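Peer 1: Next comes the sequence, and after it the predicted model I'd like to discuss.
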Amino acid sequence: MSAALIFIFNCNLEISARQAVQSDLIDLCESCIDFYLSDSENFVDFKSEKQDLFDNGLICEFSKKRWGSYTKLTVKAFFKKDTIQKSAFVGPRGDKDMQALVVCDWDKPLKVSGSTIIKGNMKIPATGYKIVNILGNNQLNKPILKGSIARSSQLLPEISMPIPEGMDKTGTRTGLSKIDKRHLVYNGFGKRPLIIELEKGEQLNSLSFKGNIVIKSVDTLYISSSTKIEDVIVQAPKIIIGNGFEGRAQFFAANEIFVEEEVLLAYPSSLVVTSGDVLSEKKITLSEDSRVYGGIAIHAATFDEKEKNKMIVHENALVMGTLYCNGKLQLEGHVLGTVYAHKLQLETKSGTYDDVLLNVSIDALNVPKGFIHLPLFKQQEKNTYGIIKTL
């Protein structure tokens, strides 16, 4: 009887000791992540490294990989045979004085009209801005600009476009026909990326995907509200996101992304049309009552490409984060964040107006604390990093 009690006592001691080590490793993981994020020099490259940060024999291993627009940071804490792992999407924190509006200088003033309100610093043409009356009713024509104004240039800030194709080298490829369509398709971020390739005409209706997954289509891809997507990357020449869809993903298209009405893309989501064929017109459309939490970007490498690119954000649509249009931007909705535009253009039933903002709101001052914008820009080494989403 006494031997059994001694055995049970020793087992309890061992369990308690193991639980204490596990608790210490969890605390260490948290501390290591905070330490690593505090120095942007840690994100200059994607090398893995091990460190004994506190000289206590508890080792931390850091590994970084690109996941679309974001960086995936994985931290492992070791002690003898025990390991704790934590992963998160991370990105550089924005400057304290984020711009509200940056529009290129083409020797024409910015024209504001109606109930337009801009809160935050601005970079606009040297000719400044002027209030114009497009509505035909002076009583409704009371735009408001709150913030410092500086002169812009003919070039938007240079961005570093993400290249999802880079994951093809390390991913596991499969076809949509080989996927078990009866259940959620899940691939953890501790595994190699799962690359699901769609043949011409294949769609994702009533399917569910989550995690470390890249969905690639060679054809126009329509994503209906019956499709469930979380944390994945979607690539196609043209992407249409159907009415009422809700999800969280990064969408990359070579030519066009069209978002129908009442779509919700939760944080962190993004819509990106990449630079490429200068002969084709590239376009992003965000329809009425749709919301994107993360960012939208359309890129161009040449002036001719910029002149062909078009982005439309319709009335009552919302973008929280960065809206970057290296092309012609027709903004009718709302941006809680920053707008970058090569040119502004407004098309109405009565005509087309250049350099105009009508009945829009751009607010860089009330972005939620801790919100991390779409990490598009180069030379962000001075900014500390933060967690976008724990995986």
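Peer 2: Received the coordinates, thanks.
Peer 1: Where do the helices of the stretch 201-350 of the chain begin and end?
Peer 2: 303-308 (DSSP state H, counting those that start in this stretch).
Peer 1: so where's it shaky on pLDDT?
Peer 2: 277-279 (pLDDT under 70).
Peer 1: Okay, strands next: where are they in it?
Peer 2: 208-211, 213-217, 221-223, 228-241, 246-259, 264-273, 283-286, 291-298, 310-313, 318-331, 334-348 (DSSP state E, counting those that start in this stretch).
Peer 1: is it possible to export the ones you listed to a markdown table including mean neighbour count and distance to Asp105?
Peer 2: The way it works is simple: take the backbone N, C-alpha and C, and place the C-beta from them, glycine included. What follows is the strands of the stretch 201-350 of the chain, written out as a markdown table (neighbours: other C-beta atoms under 10 Å; distance: least, C-beta to C-beta, whole Å):
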| stretch | mean neighbour count | distance to Asp105 |
| --- | --- | --- |
| strand 208-211 | 19 | 44 |
| strand 213-217 | 23 | 39 |
| strand 221-223 | 22 | 38 |
| strand 228-241 | 21 | 33 |
| strand 246-259 | 22 | 28 |
| strand 264-273 | 23 | 24 |
| strand 283-286 | 24 | 24 |
| strand 291-298 | 25 | 20 |
| strand 310-313 | 24 | 19 |
| strand 318-331 | 24 | 15 |
| strand 334-348 | 21 | 11 |
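Peer 1: Now do the phi/psi pair for Cys199.
Peer 2: Residue 199: Glu, not Cys. When read as degrees, to the nearest 10, the backbone of Glu199 gives phi -80, psi 170.
Peer 1: Count the residues that sit near it.
Peer 2: Neighbour count of Glu199, defined by other C-beta atoms under 10 Å: 11.
Peer 1: Contacts only, for it.
Peer 2: 175-176, 218-219 (C-beta atoms under 8 Å, 6 or more residues apart in numbering).
Peer 1: pLDDT (mean, whole number) over stretch 143-151?
Peer 2: Averaging pLDDT along stretch 143-151 gives 95.
Peer 1: chain center to stretch 188-201: distance?
Peer 2: 20 Å (C-alpha atoms, centre = their mean, to the nearest Å).
Peer 1: For that stretch, list every residue counted as buried.
Peer 2: 189, 193-198 (16 or more other C-beta atoms under 10 Å).
Peer 1: List just the nearest of these to Gly321.
Peer 2: Phe189 (22.2 Å; C-beta to C-beta).
Peer 1: Look up how far Gln85 lies from the closest one.
Peer 2: Using C-beta to C-beta, to the nearest Å, Phe189 is found at 10 Å from Gln85.
Peer 1: shared neighbours, the two?
Peer 2: Common neighbours of Phe189 and Gln85, using C-beta under 8 Å, 6+ apart, are Thr74.
Peer 1: Is it possible to get a markdown table of the strands of the stretch 201-350 of the chain that adds distance to Pro92?
Peer 2: Output for those, formatted as a markdown table (distance: least, C-beta to C-beta, whole Å):
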| stretch | distance to Pro92 |
| --- | --- |
| strand 208-211 | 24 |
| strand 213-217 | 23 |
| strand 221-223 | 29 |
| strand 228-241 | 20 |
| strand 246-259 | 17 |
| strand 264-273 | 13 |
| strand 283-286 | 23 |
| strand 291-298 | 13 |
| strand 310-313 | 24 |
| strand 318-331 | 12 |
| strand 334-348 | 14 |
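Peer 1: To Gly147, which of the ones you listed lies closest?
Peer 2: strand 334-348 (11.7 Å).
Peer 1: and Ser177, that one's in a strand?
Peer 2: No - assessed with DSSP: H, G, I helix; E, B strand; the rest coil, Ser177 is helix; it does not lie in a strand.
Peer 1: Tell me who's in contact with it.
Peer 2: Here Ser177 is in contact with Glu202 (criterion: C-beta under 8 Å, 6+ apart).
Peer 1: Tell me the pLDDT of it.
Peer 2: On the pLDDT scale, Ser177 gets 87.
Peer 1: One more: Lys382?
Peer 2: For Lys382, the predicted pLDDT is 65.
Peer 1: Phe62 now?
Peer 2: Looking at Phe62, the pLDDT reads 82.
Peer 1: That one contacts Val75, correct?
Peer 2: Yes - between Phe62 and Val75 there is a contact at 5.8 Å, judged by C-beta atoms under 8 Å.
Peer 1: Please name the residues that touch the nearest residue to Gln330 once chain neighbours are set aside.
Peer 2: Closest residue in space to Gln330, ignoring its immediate chain neighbours: Ile312 at 4.6 Å, by C-beta to C-beta, 6 or more residues apart in numbering. Ile312 sits next to 283-286, 330, 332 when contact means C-beta under 8 Å, 6+ apart.
Peer 1: of those, closest to Asp304?
Peer 2: Distances from Asp304 to the contacts of Ile312, taken by C-beta to C-beta, are shortest for Lys283, at 15.5 Å.
Peer 1: got the angle for the helix or strand hosting Val102 vs strand 334-348?
Peer 2: Here Val102, judged by DSSP states H and E, is contained in strand 99-103. Angle of strand 99-103 versus strand 334-348, following axes from the mean of the first three to the mean of the last three C-alpha atoms, to 10 degrees, is 30 degrees.
Peer 1: now what about strand 99-103, what contacts it?
Peer 2: 110, 118-125, 147, 152, 156-157, 338-341, 343-344, 355, 362-365.
Peer 1: Thanks again, I'm all set now.
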